[in-house]
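1. got a sequence here, can you model it:
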Amino acid sequence: MKKYINNKNIVSVLLLVVLIGILFFFYTRRVNDKINPITVPYAKVQIASGIQITDKMVGTTQIPPAMLTDDVYKVVSDVVGKYSNADTIIPAGSLFYHRNVVEKEELPANIILDIPDGYVLFNLAVDTATTYGNSIYPGNYIDIYLKARTKEIAGVTTDQKRVLLDRLIKNVKVIAVKDNKGKTVFKDLEEDREPAMVIFAVPEEYYILLKKAEFLRTYESILIPVPTNESLKEEPGELAIASEALHQWINDVTVWNLS
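-> Residues are numbered from 1 along each chain as shown. Here you go, the predicted model:
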């Protein structure tokens with residue numbers, strides 16, 4: 001054995017054989033990685049734009065890795081529950097590409113997906129101060145207060161305007177908080193976005209009431225959102241008028257709906 005080890009030619013041949021074996025192993029493994037098919041999700045049916053992708057829409061097929069790009073989803077769970085992008089239609093039989101599959105928040109009109117039947121969207125102008133330093137989040141509940149200045153308090157006319165402040169609507173669920181460019185404030189926490197609007201949905205009757213209150217320019221009216229802990233409850237309270245007296249006052253100083 002010592003004789004063979006001391007023979008440089010034999011050692012060189014052995015090293016060459018080992019090196020060839022290593023190269024062959026990695027070459028074979030690399031080839032197998034390219035040709036051995038992997039299971040990926042595909043669309044069983046055509047999926048229109050803005051549609052939530054369900055497990056019934058997704059099948060699996062085997063594709064050689066060499067035919068796949070980095071833009072292809074390779075796991076079913078990464079697709080189900082997301083949405084087809086607003087500017088695309090996913091054909092039946094197509095693979096799912098990152099550019100065509102997005103989170104709900106990335107859809108341009110994602111807020112309409114959260115509107116209950118019979119409700120209307122309301123856009124309440126806010127800023128950092130009125131959202132308590134960005135403390136109002138989608139899914140939170142808020143109460144809406146009305147601040148106004150009037151000479152008529154409880155049917156009595158005074159010489160000077162006095163401040164009227166009361167809670168108008170309670171248990172309003174926030175759908176979205178966006179900046180002045182329409183971008184979601186909390187989507188990317190690395191960007192410093194200032195809130196410009198709190199969006200929620202209310203019945204049409206409440207929408208008209210809020211718009212009346214908002215347009216009381218003569219009374220210097222301001223609608224004020226106030227966060228509550230209602231979202232922490234197992235059963236949040238129902239959306240409702242908080243002050244019938246304030247409701248009546250707004251109707252008294254505005255024109256009735258003539259429709």
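2. contacts, neighbours, all on C-alpha from now
-> OK.
3. got a pLDDT number for Tyr42?
-> As predicted, Tyr42 sits at a pLDDT of 92.
4. for it, which residues are in contact?
-> By Cα atoms under 8 Å, 6 or more residues apart in numbering, the contact list for Tyr42 reads 58-61, 92-96.
5. which parts of this protein are helices?
-> Ranges of helices in the chain, per DSSP state H, are 2-6, 8-35, 204-214, 244-252.
6. rank the ones you listed by pLDDT, which is bottom?
-> Ranked by mean pLDDT, the helices of the chain bottom out at helix 2-6, with a mean of 49.
7. in the sheet, who's paired with Val72?
-> With DSSP bridges as the criterion, Val72 is bridged to Tyr97.
8. re earlier: in TSV: the contacts of Tyr42, plus neighbour count and pLDDT.
-> TSV is the format used below for the contacts of Tyr42 (neighbours: other Cα atoms under 10 Å; pLDDT from 0 to 100):
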residue	neighbour count	pLDDT
Val58	21	94
Gly59	16	93
Thr60	17	91
Thr61	12	90
Ala92	14	91
Gly93	16	90
Ser94	14	92
Leu95	23	92
Phe96	24	93
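9. list the contacts of stretch 180-196.
-> Under the criterion Cα under 8 Å, 6+ apart, residues 105, 125-128, 131, 134, 137, 176-179, 197 lie in contact with stretch 180-196.
10. so what would you say the end-to-end distance of that stretch is?
-> Stretch 180-196 has an end-to-end distance of 5 Å (Cα to Cα, to the nearest Å).
11. now do the buried residues in that stretch.
-> By neighbour count with 16 or more other Cα atoms under 10 Å, stretch 180-196 contains the buried residues 183-186, 193-196.
12. next one: stretch 69-79
-> For stretch 69-79, by 16+ other Cα under 10 Å, it's 72-74, 76, 79.
13. equivalent analysis for stretch 123-140, please.
-> Along stretch 123-140, these residues count as buried under the neighbour rule (16+ other Cα under 10 Å): 123-127, 130-131, 134, 136-138, 140.
14. list just the nearest of those residues to Ile53.
-> The nearest member of the buried residues of stretch 123-140 to Ile53, counting by Cα to Cα, is Pro138 at 22.5 Å.
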